[in-house]
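Trainee: Build me a structure from this.
(2 chains)
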Amino acid sequence: MSWRRGTRLERGSPGDQRPLSGWVKGEHLFRHEYGRLVAVLSRRVGVQHLEAVEDAVQSAMMAALQSWQVDGEPTNPSAWLYRVAQRRLIDELRRRAGRGRILAQHSGELGAASSNDMQEPFLSGEVRDSMLRMLFVCCDGSIPLESQLVFALKTLCGFNVGEIAERLFMSESNVYKRLARARQRLRRLASHEDVEAAQLVLRLPSVQKVLYLLFTEGYLSSRADQAIRRELCEEAIRLTTLLVDHPVGAHPESFALLALMHLHTARVAAREDASGGLLLLEEQDRGRWDRGRIQTGLGWLARSASGDHFSRYHAEAGIAAEHCLAPSFAQTRWDRVAECYAMLEREAPSAIHRLNRAVAVAEWKGAAEGLVVLEGFEPPTWLAGSYLWSAVLADLHRRAGQVDAAARYCQAALEAAPTPEVKALLARRLAIGDPS
Amino acid sequence: MPKYLCMQRSASGDCEPPSPAQMQSMYEVFNAWREKYQKNIVDMGGRLRADGKIVSSEGAIDGPFPEAKEVIGGFMIIEAANMDEAVEVARQCPGVVAPGSSVEVREISAP
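Mentor: Numbers count the residues shown, from 1 in each chain, chains lettered A, B, ... in the order given. I've put the predicted structure just below:
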């Protein structure tokens, strides 16, 4: 039995078996192009003009929609969009500056922007650099973490307010407020603008945290439908890949982060049965795990094994790797999993990590030893009231032969199950090996 | 085959612009429609800008009238065996027949 983070169970749309790696390139053309254009143009005219940039990009895309429908798609859609967005942005900034001073202030940038060859940014590393810079701009420690995520989803991933609200389970007005405050903060920052290289390094942990959050929103959410969750995971991988590819981000912790993303997504398709029902780790068909992705993940994990800091990302990637490498549930190296959880607990203290360590120890040394890990441990209320806590305790008590306690926790787990799928799974799991 | 002028009317005023993801699907749906009715499309026409002039014997004034509830937002010319077919082509055109917008289909009279 396994209730660890990485294998938490979720529901999804039945029949959608499309592997992550099989996504067609260009499926998100508009959204990804949006992120690229916003990043490149804001870098050229300054992030203080972010709203004008976003409007110009939006309007260029509307123009594309109309023009391409009539005249057909241009041979280089990116260059087309860039040219139109840039022209509209310059027009808008000129109009705003109309009466003088500001134009003088920015004429250099605008001139540079307008005289540049439109294809140039797509040939150089500018897109990558600009997107990375925008990512660092988003991860401003003076705005709340959730707002950083909202801001990144808007500017880099091209989601609108409604789509962000849907993905993060926030109200639209909450998303809107967070965006407005983040932009306000950026405008104030604008005068002593560009995030310097030294500052970039200081911000790296925030950037990693936001990317991690983006990934777990996709990977762990039990609410959104599967396509949406996969999309968030893919966005996280896309941006993290950008990060590790750059000198500022090429850091062991970033490698570990990317490793854990690949090692988790490799197993996504196997988490449910043909009818969309949930599967336990021991029930999963390991043949359906994406071997290519596991190899990629292990490659990044190997690269992450340097430096002097063992981060939470290292611990989580290590746990995921143990599962990926185990030929079967029974043959999992539970001692190593338990060890990684202990390290994870030290790096990122959380009750859920303690619970997961108890599960790993139970597999390793027996249920009674697992219960010892939880002895005297007072779970926070959010965990104590969840089906997860009750289900693990029910299972451990049952296996340790403590029938009464097992029955009590079993009842509590079934009552706390958030969805019928989880309830079905609990009923199945808690009955396995039951002598009755 | 008779030709038909399709005039798209939509409620005037701004509406929430679509997100990039929505634009992507609009684009894909539109391309699928165009593929399907390729033989019917004579002139893709286009969208009309919001500003224009109304010319009469008294001269030219700014138009369309700002107080008008519906404005013609775009046009195209299609070819069809009869009005029923023309209506079907127009009806399936994505984004044309939606809440707040409609399409007027008129046969272009031939001598």
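Trainee: Near residue A:130, how many other residues are there?
Mentor: 21 (other Cβ atoms under 10 Å in any protein chain shown). C-beta here means a position set from N, CA and C on the backbone, and glycine is covered the same way.
Trainee: does it really touch residue A:35, like I thought?
Mentor: No: in this structure residue A:130 lies outside contact range of residue A:35 using Cβ atoms under 8 Å: 9.8 Å.
Trainee: Contacts only, for the closest residue to chain A within chain B.
Mentor: Proximity of chain B to chain A (Cβ to the nearest Cβ) peaks at residue B:19, 3.5 Å away. Residues near residue B:19 by Cβ atoms under 8 Å, 6 or more residues apart in numbering or on different chains: A:31, A:158, A:159, A:160, A:162, A:163.
Trainee: Try it again at 10 Å.
Mentor: For residue B:19, the contact set (Cβ atoms under 10 Å, 6 or more residues apart in numbering or on different chains) comprises A:30-31, A:34, A:58, A:61, A:154, A:158-164, B:25.
Trainee: taking these one by one, which sit in helices?
Mentor: A:30, A:31, A:34, A:58, A:61, A:154, A:161, A:162, A:163, A:164, B:25 (DSSP state H).
Trainee: what domains does the record give for chain A?
Mentor: As recorded under automatic domain parsing, the domains making up chain A are A:20-202, A:378-436.
Trainee: what about the first one, near chain B?
Mentor: Same thing as domain A:20-202. Yes: counting by Cβ under 10 Å from any Cβ of the partner chain, chain B is contacted by domain A:20-202 at A:26-35, A:37, A:55, A:57-59, A:61-73, A:154, A:157-164.
Trainee: Those residues, buried ones only, as a ChimeraX selection?
Mentor: In ChimeraX syntax, the buried subset of the residues of domain A:20-202 next to chain B is picked out as below (16 or more other Cβ atoms under 10 Å in any protein chain shown):
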select /A:28,29,30,31,32,33,34,35,37,55,57,58,59,61,62,63,64,65,67,68,69,154,157,158,159,160,161,163,164
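Trainee: which ones are touching whatever residue of the stretch 151-300 of chain A ends up closest to chain B?
Mentor: Residue nearest to chain B within the stretch 151-300 of chain A: residue A:160 (3.5 Å; Cβ to the nearest Cβ). Contacts here follow Cβ under 10 Å, 6+ apart; on that basis residue A:160 touches A:31, A:34, A:58, A:153-154, A:166, A:172, A:175, B:16-22.
Trainee: Quick check: buried residues in whichever strand or helix holds residue B:90?
Mentor: Assigned by DSSP states H and E, residue B:90 belongs to helix B:83-92. For helix B:83-92, a neighbour-count test (16+ other Cβ under 10 Å) marks B:85, B:86, B:89, B:90 as buried.
Trainee: ok, now stretch A:418-425?
Mentor: Buried residues in stretch A:418-425 (16+ other Cβ under 10 Å): A:421, A:422, A:423, A:425.
Trainee: Kindly reformat these as a markdown table and extend each row with secondary structure, pLDDT and distance to residue A:336.
Mentor: Below are the buried residues of stretch A:418-425 laid out as a markdown table (DSSP: H, G, I helix; E, B strand; the rest coil; pLDDT from 0 to 100; distance: Cβ to Cβ, whole Å):
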| residue | secondary structure | pLDDT | distance to residue A:336 |
| --- | --- | --- | --- |
| A:421 | helix | 76 | 30 |
| A:422 | helix | 78 | 28 |
| A:423 | helix | 83 | 32 |
| A:425 | helix | 80 | 26 |
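Trainee: Looking at those, which one is closest to residue A:396?
Mentor: Checking the buried residues of stretch A:418-425 against residue A:396 by Cβ to Cβ gives residue A:425 as the nearest, at 17.2 Å.
Trainee: Phi, psi for the closest residue to residue A:429 other than its chain neighbours please.
Mentor: Ranked by Cβ to Cβ, 6 or more residues apart in numbering or on different chains and with sequence neighbours excluded, the top spatial neighbour of residue A:429 is residue A:280, at 6.0 Å. For residue A:280, the backbone dihedrals (degrees, to the nearest 10) come out as phi -80, psi 160.
Trainee: what does the one 10 residues further on give?
Mentor: Dihedral pair for residue A:290: phi -80, psi 100, per degrees, to the nearest 10.
Trainee: nearest spatial neighbour of it, skipping sequence neighbours?
Mentor: Once flanking residues are discounted, residue A:290 sits nearest to residue A:266: 4.3 Å by Cβ to Cβ, 6+ apart.
Trainee: Report the contact partners of that neighbour.
Mentor: A:19-21, A:288-298, A:320, A:323-324.
Trainee: okay, it: pLDDT?
Mentor: Reported pLDDT at residue A:266 in the predicted model: 92.
Trainee: any idea how far it is from residue A:284?
Mentor: 12 Å (Cβ to Cβ, to the nearest Å).
Trainee: shared neighbours, these two?
Mentor: In contact with both residue A:266 and residue A:284: residue A:323, using Cβ under 10 Å, 6+ apart.
Trainee: And stretch B:47-61, end to end?
Mentor: 21 Å (Cα to Cα, to the nearest Å).
Trainee: distance between that stretch and the chain's centre?
Mentor: Computed by Cα atoms, centre = their mean, to the nearest Å, the chain-centroid distance of stretch B:47-61 equals 18 Å.
Trainee: Nothing else from me, thank you.
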